[in-house]
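Chemist: below: sequence and its predicted model.
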Amino acid sequence: MSDAAIAASNLTRTFGRFTAVDHISFEVSSGEVFGFLGANGAGKTTAIRMLIGVLSPSGGTARVAGYDVATESESIKRNIGYMSQRFSLYEDLTPRENIRLYGGIYGLSLAQIRTRTDGMLQRLGLGHAADQAVRSLPLGWRQKLAFSVALLHEPRIVFLDEPTSGVDPITRRQFWELIYEAAAGGTTVLVTTHYMDEAEYCDRISIMVAGRIAAIGTPADLKREYRVRTIDELFVQLARPDAAGHRSAPP
Amino acid sequence: MTALLGILRKEFFHIRRDRRTATVLVAIPLVQVLIFGYAIRTDVDDVRLAIVDPAPSHVTQSMRDRLAATGIFRIVAVLPRLEDLDPLFQSGAAQQAIAFGHDFATDIGRNEPAQLLIITDATEPNTGSLLQAYAEAAIQQYVATELPGSPGARIVPTIRMRFNPTRASSNLFVPGLMAFVLTIISALMTAVTLTREKETGTMETLLVSPLRPWDIIAGKVLPYLVVGVLSMLLVLTAARLVFNVPLRGSIPLLLFEGALYIFVSLAFGILISSRTSSQRLAMMGTFLTTLLPNVLLSGFIFPLESMPAPLRAISFAVPGRWFVVIARGIMLKGIGLEHLWRETLFLAVLATVLLTASVHSFKERLE
């Protein structure tokens, strides 16, 4: 229990009379790749915002990297990486300048920044573009760079909010290789996605419906339990019970 | 500390790489001033008048009553000597003075030309000219109605303009222009660049990072403070070289006051950005709540004296009003903190309150 990277217990958040996140409880172990699924408006983003320490919970508790989200958000922020739905790098700065900026924000020394910058640019094959504005890079490269920057300070846990939306299939696959690489290195990954094939890549997934966790487990277990062939079918069944059977397009 | 240095560096990269905005920042104020600058003429009342009466008599007394009865003038002081006028003009207690000659009453009695000096504060040229005309008209009327029995009586007014003898418009406009430029750079640029970070998503990343709200705000405030002070120097240099605008007071004091005013505007910008979600909204918000009042109600273009009382009351809450008074005082009158401490205090308090409020509203969004 104590080695759980993320442990939420009855975590709740209300906005006025609306309950966005309704008593959710789950655990993510160190080094796990955890898929956080749910339709738009199901409460995923609100839950993540509480876990990364920018939104205070209305009820329940959660510990991230061993710290309480309600009282120790500063410590949490030092121990996590975050990549938002929207692009998190400065487009008018070069990759090198972005890396240096975030390295400084996370308190790395200049020497650390320098060695990690070279390593990262080499690994991503971005050496030739290190000094041109990020804006001019193809989207796939930008996303991979943003992911690497989120890992720059070697956080214990990284939160990825729809990191691959709008990216071509080949880059998505390369992106997932980066995710596995990070997980193999011991980093815990919590990732949200709308691509159900990506859900199958996760060690475990949870599916949120109307603020609650409707299902949680390994993709294989869940498919067996709900007698479905794909996570896609399971998702439609849970998220839109009325639409199940006559398969509509995935959300 | 390195984190703060990092985001400061980044902000300067943004500024350096966005050339178009930089060009606009310089072009807008110049064009605006040229368009608005010369087309304003309005009436004034409640003129603060000082009287210099070295030899009081029934003649000077009746004339003083006559001036007070017009409803335009309010006599704020009656002095025995001309030299005592200076402090009144410098503090702004008097806008105009009428000084009777030593032998005024005697000359009138003897039907000889009586000497009279009219001194007007011409810091605002339009107002100055109007005051001058009013005073002369009031004196002519006095002669026509009060001295009909002495056809030979003449009053010979001598005219003197204080602070801005040539009544050059540029002298009036440069301090206002400075306020305008500083407002644009400070309020508009912070509001727009902060909401841009919200729009693009980088703000979210900063908020998730260990940076504290103060760090993020300082990362915006300090670069634009530097840019603001630089552009103030630019305006001053241009004013000196092109328009030959006087700079009679202390330059460090002027820069300090400018920095205070920049802080106030920056805080406005941050407050606006914390209430808006898009760059376009932020821009409109800044125009409505900051730029417009600062241009219209600061006395920069339209003399406050000629405004209806409610508008004049609102103008007290407009920071630009106070900065324009300060800048004109330092540049044209050459006065220092001893006369400007009230305005300075107001700006300092406002800057502190607004900056604290902006950090708060910044934090609130996260709750």
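Modeler: Noted; the coordinates are in hand.

Chemist: who touches stretch A:6-15?
Modeler: A:1, A:19-28, A:34, A:43, A:46-47, A:50-51, A:55, A:57-64, A:157, A:188, A:190 (Cβ atoms under 8 Å, 6 or more residues apart in numbering or on different chains). Any C-beta I mention is one placed from the backbone N, CA and C, and that applies to glycine too.

Chemist: pull out the buried residues from that stretch.
Modeler: A:6, A:7, A:8, A:11, A:12, A:13 (16 or more other Cβ atoms under 10 Å in any protein chain shown).

Chemist: list the neighbouring strands of the helix or strand the last one falls within plus their orientation.
Modeler: When elements are defined using DSSP states H and E, residue A:13 is found to belong to strand A:4-15. As defined by DSSP bridges, the strand partners of strand A:4-15 come to strand A:18-29 (antiparallel), strand A:59-64 (antiparallel).

Chemist: next one: the closest residue to residue B:80 other than its chain neighbours relative to chain A, how far apart?
Modeler: With Cβ to Cβ, 6 or more residues apart in numbering or on different chains as the criterion, residue B:80 has its nearest non-adjacent residue at 5.8 Å, and that residue is residue B:54. From residue B:54 over to chain A the distance is 70 Å, taken as Cβ to the nearest Cβ, to the nearest Å.

Chemist: again, but for residue B:184
Modeler: 21 Å.

Chemist: so that residue sits in a helix?
Modeler: Yes. Remark: residue B:184 belongs to a helix, assigned using DSSP: H, G, I helix; E, B strand; the rest coil.

Chemist: hmm, back to that, mean confidence score for the strand holding residue A:13?
Modeler: In this model, strand A:4-15 carries a mean pLDDT of 94.

Chemist: which pLDDT value goes with residue 35?
Modeler: This is for chain A. 94.

Chemist: wrong chain, I was asking about chain B
Modeler: 51.

Chemist: which outside residues touch stretch A:95-111?
Modeler: Applying Cβ under 8 Å, 6+ apart, the contact partners of stretch A:95-111 are A:78, A:89-90, A:93, A:112-113, A:116-117, A:120-121, A:126, A:129-131, A:134, A:137, A:145, A:149, A:152-153, B:2-3, B:5-7, B:9-10, B:13, B:206, B:209-211.

Chemist: in strands, which of those appear?
Modeler: Of the positions in the contacts of stretch A:95-111, not one sits in strands, assigned by DSSP state E.

Chemist: low-confidence stretches in the stretch 251-367 of chain B?
Modeler: Along the stretch 251-367 of chain B, segments meeting pLDDT under 70 span B:364-367.

Chemist: remind me which helix or strand the residue positioned nearest the centre of chain B belongs to.
Modeler: Most central residue of chain B, judged by C-alpha distance to the mean C-alpha position with Cα atoms, centre = their mean, is residue B:324 at 1.8 Å. Taking DSSP H and E as the criterion, the element that holds residue B:324 is helix B:319-328.

Chemist: name the residues that touch that helix?
Modeler: Here helix B:319-328 has contacts from B:92, B:123, B:172, B:174-176, B:178-180, B:182-183, B:254, B:257-258, B:261, B:264-265, B:293-295, B:297-300, B:304, B:315, B:340, B:343-344, B:346-347, B:350, using Cβ under 8 Å, 6+ apart.

Chemist: contact residues of the stretch 101-250 of chain A facing chain B?
Modeler: Proximity of the stretch 101-250 of chain A to chain B is confined to A:101, A:102, A:103, A:104, A:105, A:106, A:107, A:133 under the rule Cβ under 8 Å from any Cβ of the partner chain.

Chemist: most neighbours among these, which one?
Modeler: residue A:102 (27 neighbours; other Cβ atoms under 10 Å in any protein chain shown).

Chemist: where exactly do the helices run in chain A?
Modeler: A:44-51, A:73-79, A:95-105, A:110-124, A:139-150, A:169-184, A:196-201, A:219-226, A:231-239 (DSSP state H).

Chemist: just put the ones you listed in TSV and tack on mean pLDDT.
Modeler: Converted to TSV, the helices of chain A look like this (pLDDT from 0 to 100):
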stretch	mean pLDDT
helix A:44-51	91
helix A:73-79	91
helix A:95-105	93
helix A:110-124	91
helix A:139-150	89
helix A:169-184	90
helix A:196-201	88
helix A:219-226	92
helix A:231-239	86
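
Chemist: before we move on, the earlier item: between the strands paired with strand A:4-15, which one is closest to residue A:170.
Modeler: When these are compared by Cβ to Cβ, strand A:18-29 sits nearest residue A:170, at 28.4 Å.

Chemist: so how far is that closest one off the chain centroid?
Modeler: Strand A:18-29 sits 15 Å away from the centroid of its parent chain (Cα atoms, centre = their mean, to the nearest Å).

Chemist: buried residues, that strand. List them.
Modeler: So, applying 16+ other Cβ under 10 Å, buried residues of strand A:18-29: A:19, A:20, A:21, A:22, A:24, A:26, A:27, A:28.

Chemist: which ones are touching the third one?
Modeler: Think residue A:21. Contacts of residue A:21 (Cβ under 8 Å, 6+ apart): A:11, A:12, A:13, A:43, A:46, A:47, A:50, A:211.

Chemist: what secondary structure does the residue lying closest to residue B:225 once chain neighbours are set aside sit in?
Modeler: Closest residue to residue B:225 apart from its sequence neighbours, by Cβ to Cβ, 6+ apart: residue B:262 at 5.5 Å. Classification of residue B:262 using three-state DSSP returns helix.

Chemist: closest to residue B:187 out of the helices of chain A?
Modeler: The closest of these to residue B:187 is helix A:95-105. By Cβ to Cβ, the value is 25.2 Å.

Chemist: just the angle between the closest one and helix A:110-124, please?
Modeler: 140 degrees (axes from the mean of the first three to the mean of the last three Cα atoms, to 10 degrees).

Chemist: give me the number of residues near residue B:173?
Modeler: For residue B:173, the neighbour count with other Cβ under 10 Å is 22.

Chemist: any idea of the pLDDT on it?
Modeler: 72.

Chemist: show me what the helix or strand where it lies is packed against.
Modeler: Element membership of residue B:173, judged by DSSP H and E, is helix B:169-183. Secondary-structure packing of helix B:169-183 (3 or more Cβ pairs under 8 Å, 6 or more residues apart in numbering or on different chains; DSSP states H and E): helix B:19-36, helix B:125-146, helix B:213-238, helix B:251-275, helix B:292-296, helix B:319-328.

Chemist: and the last one, how far out from the chain middle?
Modeler: Here helix B:319-328 is found 3 Å from its chain centre; the criterion is Cα atoms, centre = their mean.

Chemist: where does the stretch 1-150 of chain B dip in pLDDT?
Modeler: Ranges of the stretch 1-150 of chain B meeting pLDDT under 70: B:1, B:22, B:24-45, B:147-150.

Chemist: what does chain B have sitting close to chain A?
Modeler: Within chain B, the positions near chain A by Cβ under 8 Å from any Cβ are B:2-3, B:5-7, B:9-10, B:13-14, B:17-18, B:200-202, B:204-211, B:366-367.
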